[in-house]
Every structure is written in C-alpha cells, then in structure tokens.
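A.B. asks: give me a 3D structure for the following:
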Amino acid sequence: MLNDKVAIVTGASRGIGRVIALALSAQGAHVALSARSAEALDKVVEEVKAAGGQALAVPGDVSHSDDAANLFSETVAAFGKVDILVNNAGITRDGLIMRMKDEDWDAVMDINLKGAFFCSREAAKLMAKQRCGRIINISSVVGEMGNPGQANYCASKAGMLGMTKSMARELAKRSVTVNAITPGFIETDMTEELSDKVRSELAAQIPLGRFGSSEDIANAVVFLSSEGAGYITGQTLGVNGGMYM
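C.D. replies: Residues are numbered from 1 along each chain as shown. Purely as a prediction, here's the structure:
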C-alpha cells in the first residue's frame, strides 16, 4: 500500500498515464496530474475523487523548465511533499530518417527526454533532502530494439534508459531509487487505430501472442513505488509480453 504517499504523474490525461494515476490512488497515494490539456486532466481528477482518492490537476508542458518547476511547487503546496515521480509524458512524430523534419525531431526529444529531465531534476532536489523517493521513467521497448520510422522516438526512449542509470547512481546514497519500465505494444488510443492486419502481424512478434494493457504498466509502477522494491534501482523492467528479452 502507498497510504499518504504523494505521486506526480506526467502525461496523465489519457492512456497509460491516466491508468497509472488511478492505480496509484487506489493504493492510497495522493496524486498530482500533469498534461497540456486542462479539461482532460480535470476529468481524471474527478475519476480519482469519485473512487475516494485525492488528486490535483496541474496543467502545463513539462518540456518547459518553468512548468516542471511549477508542477512540483503546486504539488508540495497542496500535499506537503513528493514521494513518487512517474515520467510518462510522451509524443510521437514518426517518419523515415531521410525525410524527418527538424521540428519533428525536436518536439519528440523535448517532451519525451527533456521533459523527463526537467521533472527528475525537481524531484531529485526534494527527494535527496527527504532521503527517500521513487523516480520511475516510462521508456519503451523500441528504445531497446529500435523501430523503423521512429528514430526520434527511439532515441528519446533510449536516452531515458541512460538517464535512469546515471540518476540511480547519483541518488542511491540518499535512498532514492530510479528505475525504468519499457512497455511493448499496449492497447491504447494509438494502437486502436491500427488495421486488423497490422495488429495481427504485430501480435505475431510477441511470444505471449497479444498486446498488453495499460493496467499491466500501472501494476509495474505500483510495484516499483512500493516498499517491496526498495532494493531495486537502476533497472529496466520490460513489460512487453516477451517481445524483447
């Protein structure tokens, strides 16, 4: 259980982030939720409250350092501390490397990697003083194995893995753990848009023979946030159905 813990979840307005926020709240954590859409965030806050939890919406763009700092200051003002950070915010701007535009590279790197850096920097300051904390980076299986047409996305997610290991070494003496989760193909709004043929071809690459669920990722986050994961740091937990081993 995570009773009275305070968690920040970025990219929490929909998909995996929303489910992570609901799962942490169900375990007793107070949750501060970040995304660029205030309206969508408010709906998730209402879901959390309807289930008996406490939640705070802090709209903003984590690729801006001021917004990241504000996310943490508002969370501390509301709940008094930050125990858990889940860096989940992410976007895609797919395209073959020969045709990829500068702005598509920059947008993905800014949100996916720079945003995680800005939030982690704020978390590290607080958690080092507390001498406890959990930072969990939501990377991707394609950050480990690559994927055609996603050089920017793969680079950003691979960068998260290197950052995870470096931060884990820096913060271990303060009893702050830093780990990454690499989801495989997960049932989300994006994968629902795929044709049946493409879905079948992708599922054939997965030893378990199916896509995962957002709950599968949320369960991993809850575990890494728990006391039971206190001796785990600098690790990458693959939640991919065996797609990458």
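
A.B. asks: any idea how far Ser214 is from Phe72?
C.D. replies: As for Phe72, its distance to Ser214 is 25 Å (criterion: CB to CB, to the nearest Å). In this view, the C-beta of every residue, glycine as well, is placed from N, C-alpha and C.

A.B. asks: strands along this protein, start to end?
C.D. replies: 6-10, 30-34, 55-57, 84-87, 133-138, 176-183, 236-239 (DSSP state E).

A.B. asks: direction included, what does the third one pair against?
C.D. replies: To tie it back to what came earlier, the one meant is strand 55-57. Under the criterion DSSP bridges, strand 55-57 sits next to strand 30-34 (parallel) in its sheet.

A.B. asks: returning to that earlier point: nearest to Met145, of the strands of the chain?
C.D. replies: The closest of the strands of the chain to Met145 is strand 176-183. By CB to CB, the value is 9.3 Å.

A.B. asks: need the contact partners of stretch 217-234.
C.D. replies: Stretch 217-234 is contacted from outside by 1-2, 5, 7, 16, 19-20, 22-24, 27, 29, 84, 86, 134, 136, 138, 164-165, 168-169, 172, 177-179, 181, 183, 186, 237, 239, using CB atoms under 8 Å, 6 or more residues apart in numbering.

A.B. asks: report the buried members of those residues.
C.D. replies: Buried subset of the contacts of stretch 217-234 (neighbour count, 16 or more other CB atoms under 10 Å): 2, 5, 7, 16, 19-20, 22-24, 27, 29, 84, 86, 134, 136, 138, 164-165, 168, 177-179, 181, 183, 186, 237, 239.

A.B. asks: any idea of the mean pLDDT in stretch 142-152?
C.D. replies: Stretch 142-152 shows a mean pLDDT of 96.

A.B. asks: identify each buried residue in it, please.
C.D. replies: Buried-residue list, stretch 142-152, by 16+ other CB under 10 Å: Val142, Gly143, Glu144, Gln150, Ala151, Asn152.

A.B. asks: show the pLDDT at Met190.
C.D. replies: Reported pLDDT for Met190: 69.

A.B. asks: again with Leu194
C.D. replies: pLDDT recorded at Leu194 is 76.

A.B. asks: any chance of the strands of the chain in TSV, plus distance to Met245?
C.D. replies: TSV is the format used below for those (distance: least, CB to CB, whole Å):
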stretch	distance to Met245
strand 6-10	28
strand 30-34	33
strand 55-57	37
strand 84-87	24
strand 133-138	20
strand 176-183	12
strand 236-239	8
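
A.B. asks: Leu126 against Val82, yeah?
C.D. replies: Yes. Proximity of Leu126 to Val82 meets the contact threshold set by CB atoms under 8 Å, at 5.2 Å.

A.B. asks: joint contacts of these two?
C.D. replies: By CB under 8 Å, 6+ apart, Leu126 and Val82 have these common neighbours: Phe72, Val76, Gly133.

A.B. asks: among those residues, the buried ones, what's the ChimeraX command?
C.D. replies: Restricted to buried positions by 16+ other CB under 10 Å, the ChimeraX selection for the shared contacts of Leu126 and Val82 reads:
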select :72,133
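
A.B. asks: so what's the residue positioned nearest the centre of the chain up against?
C.D. replies: When CA atoms, centre = their mean is applied to the chain, the residue found nearest the centroid is Asn88 (2.1 Å). The contact partners of Asn88, by CB under 8 Å, 6+ apart, come to Val9, Thr10, Gly11, Ala12, Ile16, Gly17, Ile20, Ile138.
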